[in-house]
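Colleague: sharing a model prediction with you, sequence too.
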Amino acid sequence: MDEQNETERTSDPVFVAEQEHLTETYGKLEGIEHAVEEKIRAAHAEAVKDRENMLGDLSLNTARDEQVETLAEYNFVNNIVDTYNRAHDIDAERLRNARLLLRQPYFAKLSLQFRPGAPARDIYIGAAGMTDDSSRHFVVDWRAPVAEVYYNQENGHTSYKTDDGRTIEVDLKLRRQFDIDRDTLNSYFDTTVAISDPLLLSSLSKRRSDKLQAITTTIQREQDQVIRHEDVPALLVAGIAGSGKTSVLLQRIAYLFYRERETLEPRDVYLITPNPVFTRYIADVLPEMGESNPIAVTWGELMERLGSGSRGAGKRDSIDDLHAIDEKLAGFELQPSDFCDLRVGDERVVSASSVYSLYKKYAKFPTGTHRSTLVAEDLADKLEARTTGRAGDDDVVGALADLSDEDQVRIFGGPYNPQDENEVRQCALAYLRDRYAPVAQAIENGEWLRIDRIGMRLLGKETLSSTEWLYLKVALTGVANRSARYVFVDEVQDYTASQLAVLAKYFPRAHFLLLGDENQAIKPGTATFSQIEEVFTRYLGSVDTCRLETSYRSTPEITELFSSLMPEDERISATSVQRDGTRPRIASFDSDEAYAQALAEAVDEARADCASGGLAAIIANDTRRVKKLAQLVGDSVHIITDDEQLPENGVVLLDIKLAKGLEFNDVIIPDAQASVFGDNLVARHRLYTAISRATHKVWVMARGPLTPLLENTARG
């Protein structure tokens, strides 16, 4: 901090007052951190001592008439331990929030007048909420209803809605934003529209690390409308490149965790990501905001988990075939060969003919989920009857004594040491239930049906894709994920209509958030946004839509270049908020030598740009070109594959599929010749996607004639 700026700040009474408030707040947070740490330590020591004392007092009686009393004593001890654990969880969350706020206690301030003539009340907004000893919030969580006033960006009369649906009318007298590092106030500014202010622009244009940075402090009004959107069956968000779609997605997840903190668990939320590199890229964002990550999987990983991963991806499936499954299934009768044995090793537990007999038993019901549920219930009963019937068999009783120590503890909870015949039988039942557990799971999962054979006859096909197989399985058996409450799909434009229909079918009770950019649809045959709306209207009943049309990532020059590849009617609304930068360099070369030299020079400049932090990327059109380019650029460039972690800085080489959703300081696009990027829609989308990954600089390089998609731009 230079001397002149320091003098200006100390002579500014507002700056001095805000620094004093920050110092006081920081002291409170430090006090809370220390107090909670000590409370947790003391509670842990007390819990250990109490547990030892209580266990020592227990009479470990094994006599029959005293076992019930002993069990009650153990339950009492466990209840005491559970009470300690609940108190610990509350303290741990308070400690976690205090430590989060110690990095930056708050980032904004509102002065709100709740009644005419009443004094305005100051509210400081941070990444988490914190109360003092009087249970008064001295920092308000950014997701709290009152914080909506900050993101609305409207001074004067405004309002916000409480959790119980009430509308609170207020007058916003002051909206102030801070640049704070721990207990130091660097600067502040007052504004009505944050995007016009230099501090915000500076924050938005800071060079990124290898991890996506949360934008809690710089959420804009159009983004906040998505984050706080009412809970609807499906919300489709269309945003141009760099409009903060992924950040908004993560903020929406954090907002839902906050709003439904009593009932929503991370296991209830699924995030479908475009690739494993992107999954790792965002892995730290929610934890740094004090929230847990949801279940994050790629489409391929999800299909693998559901048993459909070995089939084709379903990229060319017709959604009409999926609709045909729904239409034909009820009147479709299964054959004996459509069923299979249920086995454990070499033991046939239930024969296919027995399963078919159960299916015929319910002939008055049409083929479908209800009939399959009845069959599954009968199969479960047959399995239980077999289990209880075999509990006294000599071979089963003999097998109990041969169990390893590890298996005895796992199955019985301790060594196998029965005292009478009844205990032998109970142990035999436990052993058989453990042995037949895979069969019970197979019954529950509908694995007594030959889905492939049924589907091939039903659809008249020789093979089923992953989408057809899973859709048919859900339609036939009703086996689906009914506990998931939210499913988020990033880069939704890269999915086919049939893949999205499968997600809607498999997660029947979930609400969906779908984010994407039609101009980044880099694969042929994927769903348009109108088709996406049709799919989710059919399966969920309705679709709300939002648009994000401002780029916070790229300079105006880069935004102008990639928006030139958008449909003409969309270009006018695409804007950038960043400061002017370097014009993209577009060039074609007649010789391999000139091309290789220009590529090497671009890599050297990009490496120099990232020397103090940040990443640059060479983005190839496909994996085959990655291999060819690797020979040209040498070992100094890090090649990124599905299994690779992005480095903290330097230059990376990757294909366009892995670049989806990522951003880089500088981007080099080689092989931008007409033979690679022809004048077609997919090529246009691929070039748009590659260019829009850049925040500061872009090189577009062609070996031979330049792509016709950029001819006019290059001439300009």
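Modeller: Arrived safely.

Colleague: against Leu548, how distant is Ala574?
Modeller: Noted for Ala574: a distance of 10 Å to Leu548, by C-beta to C-beta, to the nearest Å. Every C-beta, even on glycine, is put in place using the N, C-alpha and C of the backbone.

Colleague: which residues are common contacts for these two?
Modeller: Shared contacts of Ala574 and Leu548, defined by C-beta atoms under 8 Å, 6 or more residues apart in numbering, comprise Ile240.

Colleague: with adjacent residues omitted, what lies nearest to Trp157?
Modeller: Just so we're on the same page, residue 157 is His rather than Trp. Spatially, and ignoring its direct neighbours in sequence, His157 is nearest to Asp171 (5.6 Å; C-beta to C-beta, 6 or more residues apart in numbering).

Colleague: that neighbour touches Glu154, doesn't it?
Modeller: No. Here Asp171 does not reach Glu154: they are 10.6 Å apart, not a contact under C-beta atoms under 8 Å.

Colleague: do you know how far Asp655 is from Ser576?
Modeller: For Asp655, the distance to Ser576 equals 26 Å [C-beta to C-beta].

Colleague: check which helix or strand covers Ile168.
Modeller: Taking DSSP states H and E as the criterion, Ile168 maps to strand 167-181.

Colleague: how about that strand: buried residues?
Modeller: Neighbour-count burial for strand 167-181 flags 170-172, 175-180 (criterion: 16 or more other C-beta atoms under 10 Å).

Colleague: roughly how far out does it sit from the chain middle?
Modeller: 30 Å (C-alpha atoms, centre = their mean, to the nearest Å).

Colleague: could you pull up phi and psi at Arg143?
Modeller: When quoted as degrees, to the nearest 10, the phi and psi of Arg143 stand at phi -90, psi -10.

Colleague: within the helices and strands, which one has the closest residue to it other than its chain neighbours?
Modeller: Here the nearest residue to Arg143 in space, its sequence neighbours aside, is Tyr258; by C-beta to C-beta, 6+ apart that works out to 4.0 Å. With secondary structure defined by DSSP H and E, Tyr258 is part of helix 245-259.

Colleague: please apply the same query to His21.
Modeller: Assigning secondary structure by DSSP H and E places His21 in helix 13-57.

Colleague: now that helix and strand 167-181, what's the angle there?
Modeller: An angle of 90 degrees separates the directions of helix 13-57 and strand 167-181 when computed by axes from the mean of the first three to the mean of the last three C-alpha atoms, to 10 degrees.

Colleague: other SSEs contacting helix 13-57?
Modeller: Contact partners of helix 13-57 among helices and strands, from 3 or more C-beta pairs under 8 Å, 6 or more residues apart in numbering; DSSP states H and E: helix 3-10, helix 64-103, strand 130-131, strand 137-141, strand 167-181, strand 184-190.

Colleague: model confidence over the third one, on average?
Modeller: This points to strand 130-131. For strand 130-131, mean pLDDT is 96.

Colleague: quick check: Glu222 touching Thr550?
Modeller: Yes. Contact status for Glu222 versus Thr550: in contact at 6.9 Å, counting by C-beta under 8 Å.

Colleague: rewinding a little: could you check the helix holding Tyr258 and say which residues are buried?
Modeller: By neighbour count, with 16+ other C-beta under 10 Å as the criterion, the buried positions of helix 245-259 are 245-258.

Colleague: contacts for stretch 490-497?
Modeller: 236, 245-246, 249, 271-274, 278, 299, 314-317, 319, 467, 489, 500, 514-518, 520-523, 525-527, 529, 531-532, 534-535, 660-661.

Colleague: could you list the low-pLDDT ranges of the protein?
Modeller: Low-confidence segments of the chain (pLDDT under 70): 1-5, 7-8, 50-85, 192-218, 312-315, 572-573, 714-716.

Colleague: what sits against Ala120?
Modeller: With contact set as C-beta under 8 Å, 6+ apart, Ala120 has these partners: 111-113, 171, 173-174.

Colleague: can you do 6 Å?
Modeller: When contacts are counted by C-beta atoms under 6 Å, 6 or more residues apart in numbering, Ala120 is found next to 111, 113, 173.

Colleague: so which of those is the closest to Leu264?
Modeller: Top of the list for closeness to Leu264, among these and by C-beta to C-beta, is Ser111 at 32.6 Å.

Colleague: helix/strand/coil for that closest one?
Modeller: Here Ser111 is recorded as strand under DSSP: H, G, I helix; E, B strand; the rest coil.

Colleague: against Lys161, how distant is the residue lying closest to it once chain neighbours are set aside?
Modeller: The spatially closest residue to Ser111, leaving aside those adjacent along the chain, is Leu174, at 3.7 Å (C-beta to C-beta, 6+ apart). Using C-beta to C-beta, one gets 21 Å for the distance from Leu174 to Lys161.

Colleague: does the residue most central in space within the chain count as helix, strand or coil?
Modeller: With distances taken as C-alpha atoms, centre = their mean, the residue of the chain nearest its centroid is Leu271 (3.3 Å). Reduced to three states with three-state DSSP, the structure at Leu271 is strand.

Colleague: may I have the beta-bridge partners of it?
Modeller: With beta bridges defined as DSSP bridges, Leu271 has these partners: Ala296, Phe488.

Colleague: and if you look at Asp544?
Modeller: On the basis of DSSP bridges, Asp544 takes part in beta bridges with Leu235.

Colleague: for Leu271, see how far away it is.
Modeller: Distance from Asp544 to Leu271, counting by C-beta to C-beta: 19 Å.

Colleague: again, but for Arg252
Modeller: According to C-beta to C-beta, Arg252 and Leu271 sit 11 Å apart.

Colleague: can you pull out the helices in the stretch 451-600 of the chain?
Modeller: 451-459, 466-477, 497-506, 529-540, 556-563, 568-571, 592-609 (DSSP state H, counting those that start in this stretch).

Colleague: before we move on, what about the stretch 201-350 of the chain?
Modeller: For the stretch 201-350 of the chain, the helices defined by DSSP H, counting those that start in this stretch cover 221-227, 245-259, 276-281, 285-288, 299-305, 319-329.

Colleague: out of those, flag the one nearest Ala144.
Modeller: Taking C-beta to C-beta, helix 245-259 is the member of the helices of the stretch 201-350 of the chain nearest to Ala144, at 8.0 Å.

Colleague: give me the angle between that closest one and strand 269-273.
Modeller: Relative orientation of helix 245-259 with respect to strand 269-273: 170 degrees, computed using the same axes, to 10 degrees.
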